[in-house]
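*Asks:* 3D, please:
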Amino acid sequence: VNLPPQTLTAGFIIAGEVFVIGIFWWNSHAIDTADRQQAQFAKILGESESRYRTLFEHSSDTILIADEAGRYVDFNPEAERLTGYTRDELLRLSISSLVLSAQSNEADLHFNQLKQKGYLNGEYTLRRKDGTRIMVEITAMRVGPGVYQSVLHDITAHKQVEENLLHALEKEQELNELKS
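*Replies:* Prediction:
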């Protein structure tokens, strides 16, 4: 093409400006899209956290979160009701603090099994702050590195009914033996 040098230069400069504007527009569009996606992700994450917190706070079962050392780092309000300890008191306790002293070695052993296996199920007798005993069914699992969640279901009334039924059966058997 035999165009004067000024025409090619002018044409190149014009194309260069369009190209730069095109890159600027594309980058601006990509940033806007990324910002919208990040905002949408933050909104979804916030809603998820809110739903989880609501479930955690309103669960009828006790939920306790412990660290690698077995110390409580979080729990729902039901934990305070079940144990009789305040939030500040529970945060100073560990898993073995709540079980009867006769079971504390067993609790430590089971916590070590939880750390190895990642889950644990069982029944324990706990000691409330006022000294009363409660029976609980525990389901525990590792929920993150060095973080363990335990869900405790109070089975004290159930165990009492079970014990009363066994006692009644024993008495019935005794009476039947006396009759024969």
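*Asks:* only C-alpha atoms for contact and neighbour calcs from this point on.
*Replies:* Noted.
*Asks:* Check the gap between Gly46 and Glu163 for me.
*Replies:* 47 Å (C-alpha to C-alpha, to the nearest Å).
*Asks:* check contacts around Leu82.
*Replies:* Thr62, Arg128, Asp154 (C-alpha atoms under 8 Å, 6 or more residues apart in numbering).
*Asks:* Do you know the pLDDT at the first one?
*Replies:* Thr62 is assigned 95 on the pLDDT scale.
*Asks:* what are the bridge partners for it, then?
*Replies:* Beta-bridge pairing for Thr62 (DSSP bridges): Leu152.
*Asks:* Excluding chain neighbours, what is closest to the residue nearest to the spatial centre of the chain?
*Replies:* Centroid-nearest residue in the chain, with C-alpha atoms, centre = their mean: Gln149, separated by 5.4 Å. With sequence-adjacent residues excluded and distances taken as C-alpha to C-alpha, 6 or more residues apart in numbering, Gln149 is closest to Ile65, at 4.5 Å.
*Asks:* same thing with Val99?
*Replies:* Leu126 (4.3 Å).
*Asks:* and the longest strand along the chain, what does it pack onto?
*Replies:* The residue-count maximum for a strand in the chain (DSSP state E) belongs to strand 133-144. When contacts are defined as 3 or more C-alpha pairs under 8 Å, 6 or more residues apart in numbering; DSSP states H and E, strand 133-144 sits against helix 104-117, strand 119-127, strand 147-154, helix 156-179.
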